[in-house]
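Student: sequence unavailable; structure follows:
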């Protein structure tokens, strides 16, 4: 069975949730950095940690997770 959405995001920090939401809307590391007022390197680090913590292969899987957990909904880019 698939984990419940809350369980899936429980290991994330509040900042990682923010970054996941930005990835979920299709933003690049540079765009995430601008929106969250962090460096592009920090955005890249957060994305890498998200990939590891959520056992995702790539950014596309992070987008799917963001939608499946309700962190992002259609039309909120």
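Tutor: Thanks, I have the structure now. Source: prediction; values computed, not measured.

Student: and the top helix by length along the chain, how far out from the chain's middle?
Tutor: Identified as the longest helix of the chain according to DSSP state H is helix 40-53. The chain centroid and the centroid of helix 40-53 are separated by 9 Å under CA atoms, centre = their mean, to the nearest Å.

Student: how many other residues sit next to the nearest residue to residue 72 once chain neighbours are set aside?
Tutor: Spatially, and ignoring its direct neighbours in sequence, residue 72 is nearest to residue 24 (3.5 Å; CB to CB, 6 or more residues apart in numbering). Placement of C-beta: from N, CA and C, glycine included. Residue 24: 22 surrounding residues under other CB atoms under 10 Å.

Student: what's the answer for residue 47, then?
Tutor: Each residue near residue 47 was counted by other CB under 10 Å, and the total is 21.

Student: again with residue 8
Tutor: With other CB under 10 Å as criterion, residue 8 counts 17.

Student: ok, now which ones touch it?
Tutor: 54, 65, 68-69 (CB atoms under 8 Å, 6 or more residues apart in numbering).

Student: state the distance from it to residue 34.
Tutor: According to CB to CB, to the nearest Å, residue 8 and residue 34 sit 27 Å apart.

Student: how many other residues sit next to the nearest residue to residue 35 once chain neighbours are set aside?
Tutor: Sequence neighbours aside, residue 22 is the residue nearest to residue 35 in space, at 6.2 Å (criterion: CB to CB, 6+ apart). For residue 22, the count of nearby residues is 22 (other CB under 10 Å).

Student: and if you look at the one 5 residues further on?
Tutor: Residue 27 has 18 neighbouring residues, counting by other CB under 10 Å.

Student: run through the residues that contact it.
Tutor: residue 35.

Student: same thing with the one 5 residues further on?
Tutor: Shown in contact with residue 32 (CB under 8 Å, 6+ apart): 19, 22-23, 38, 43, 46-47.

Student: and these, which two are the farthest apart?
Tutor: With CB to CB as the measure, no two of these lie farther apart than 23 and 38, at 13.5 Å.

Student: remind me which helix or strand the residue nearest to the spatial centre of the chain belongs to.
Tutor: A centroid search over the chain (CA atoms, centre = their mean) returns residue 20, at 1.4 Å, as the residue closest to the centre. With elements delineated by DSSP states H and E, residue 20 resides in helix 14-24, which encompasses its position.
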